[in-house]
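In: Got a predicted model here, sequence first, then my questions.
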Amino acid sequence: MTRMTRSAFIASLMLAGVSSAAMAQDINIGVSISTTGPAAALGIPERNSLEFVAKEIGGVKINVIVLDDAGDPTAATTNARRLITENKVDVILGSATTPPTIAISNVAFEAGVPHFGLGPMPFAPGKEKWSVVMPQPVPLMAKKIFEHMKKNNVKEVGMIGFSDSWGDLWLDELKNQGAQFGIKVVTDQRFGRADTSVTGQALRLVAAKPDAVLVAASGTAAALPQIALRERGYQGPIYQTHGAVTYDFIRIAGKAAEGAILASGPVIAPELQDDSALTKKPGVAYVTAYEAKYGPQSRTQFGAHMNDAFLILGRVIPVALKKAKPGTQEFREAIREALLSEKEMAASQGVYNFTDKDRYGVDDRAAVLITVKDGKFAIVK
């Protein structure tokens, strides 16, 4: 064998030894979130969290393309189509709130692209196939709130919520699951995400004299009813959904935030979890990295949803790479299948076990109840 032939032979053996994953093209991941507009308090931490996610999975480089939808379902639809048709993404993430998340899910279903919802969303029958959702489902978080209400003898509740699908989801839970806890809805008030005043709604709530008020809003807009109710003399307990869990909520609501009771994911206080909790290690790792750059109390569960989506991708992409190459429909189908086959996928906000019927995939390990005490969040024991 000549030196040239021998060299070529060795080179061919080296090439043959390179894994198919290393040979594969990059994986493109599309993101549409609300970095401007009323939901920016949710979308900005999600965008910031991309700084701490894996840049390579299974030996393959990850390219992330981020677009802003400003919380608008129409813009989210346009972004999703652009990411799929122009950027050829294998996975799409978004959006920060419910209406644009639904819009992205519809596009993902039509195109056959795996979709990670970062806002809670209902599923239309038959359209579950390509989407999973990172935030906790409303029924799980509502149960935490209703259990606390029952324990504290709350029987009549007034609700004030967004005049969209987020408010509708919580009203449905109040009327259905809430009834099982002996809770009655005495008034239902609504406001728009971009509204700057809820004076009229607050006055009607106070006049109804409920035992407690539930605010079904998200982001900094959730502080608006909190302030209005306290300013108009309402002294009863005010409950907030997991859509309100940010330190910006406390900053904007100020003293009015004291005593508010909120359903939350465990990442808001991972340091207080038992060492045996599977959510503790990823939660502490995430908040430590995030607050090292963005400062104390900058953590949010919204940013954690983005972080957790990439932790899940870290489990399913290597499985999919064994079956197909990135950029193909076969690869997207392999990711979808792996999302259902991989189990006990631990992340900061829950331990995920997705199924055909359960697209949220979390259990009670994903829910805690917190309150505002002395300007900080504290676990309700």
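Out: Yep, that arrived.
In: Remind me which helix or strand the nearest residue to residue 56 once chain neighbours are set aside belongs to.
Out: Distances taken as C-beta to C-beta, 6 or more residues apart in numbering place residue 62 nearest to residue 56, at 6.1 Å, with adjacent residues excluded. Just so you know, the C-beta spots here come from the backbone N, C-alpha and C atoms, and that holds for glycine as well. Using DSSP states H and E, residue 62 falls within strand 60-68.
In: now what about that strand, what contacts it?
Out: Here strand 60-68 makes contact (C-beta atoms under 8 Å, 6 or more residues apart in numbering) with 21-22, 24-36, 43, 47, 50, 53-56, 75, 79, 82-83, 87, 89, 317, 321, 326.
In: That strand pairs with which strands, parallel or anti?
Out: Strand 60-68 sits in its sheet next to strand 27-33 (parallel), strand 56-57 (antiparallel), going by DSSP bridges.
In: Specify the next element, helix or strand, located C-terminal of it.
Out: Using DSSP H and E, the next helix or strand after strand 60-68 towards the C-terminus is helix 73-85.
In: I'd like the average pLDDT over that next one.
Out: Computed over helix 73-85, the mean pLDDT rounds to 98.
In: Could you check the angle it makes with strand 60-68?
Out: Angle, helix 73-85 to strand 60-68, by axes from the mean of the first three to the mean of the last three C-alpha atoms, to 10 degrees: 150 degrees.
In: ok, and what's touching helix 73-85?
Out: Helix 73-85 is contacted from outside by 30, 32, 65, 67-69, 89, 92, 94-95, 99-104, 106-108, 111, 113, using C-beta under 8 Å, 6+ apart.
In: now swap in stretch 273-291 and tell me
Out: 45, 48-49, 52, 266-267, 270-271, 297-299, 303-304, 307-308, 311, 344, 346-351, 365-366.
In: If we use 6 Å, what do you get?
Out: For stretch 273-291, the external contacting residues (C-beta atoms under 6 Å, 6 or more residues apart in numbering) are 52, 266, 267, 270, 298, 299, 304, 307, 346, 347, 348, 351.
In: in this structure, which spans are helices?
Out: For the chain, the helices defined by DSSP state H occupy 3-17, 20-23, 40-49, 73-85, 98-111, 138-151, 165-175, 177-180, 199-208, 223-231, 247-253, 280-294, 301-321, 329-341.
In: With residue 261 as the reference, name the closest of the ones you listed.
Out: Nearest to residue 261, of all the helices of the chain, is helix 138-151, at 6.5 Å by C-beta to C-beta.
In: and the angle for that closest one with helix 165-175?
Out: Using the same axes, to 10 degrees: helix 138-151 against helix 165-175 is 50 degrees.
In: Show me what counts as buried in helix 138-151.
Out: Residues 138, 140, 141, 142, 143, 144, 145, 146, 148, 149 are the ones in helix 138-151 that count as buried (16 or more other C-beta atoms under 10 Å).
In: Stretch 356-364 too?
Out: Using 16+ other C-beta under 10 Å as the test for burial, stretch 356-364 gives 358, 359, 360, 361, 362.
In: hang on, the earlier thing: so the residue nearest to residue 56 versus residue 54, what's the distance?
Out: Residue 62 sits at a distance of 6 Å from residue 54 (criterion: C-beta to C-beta, to the nearest Å).
In: more crowded one of those two?
Out: Counted by other C-beta atoms under 10 Å, residue 62 and residue 54 do not tie: residue 62 has more neighbours, with 21 against 12.
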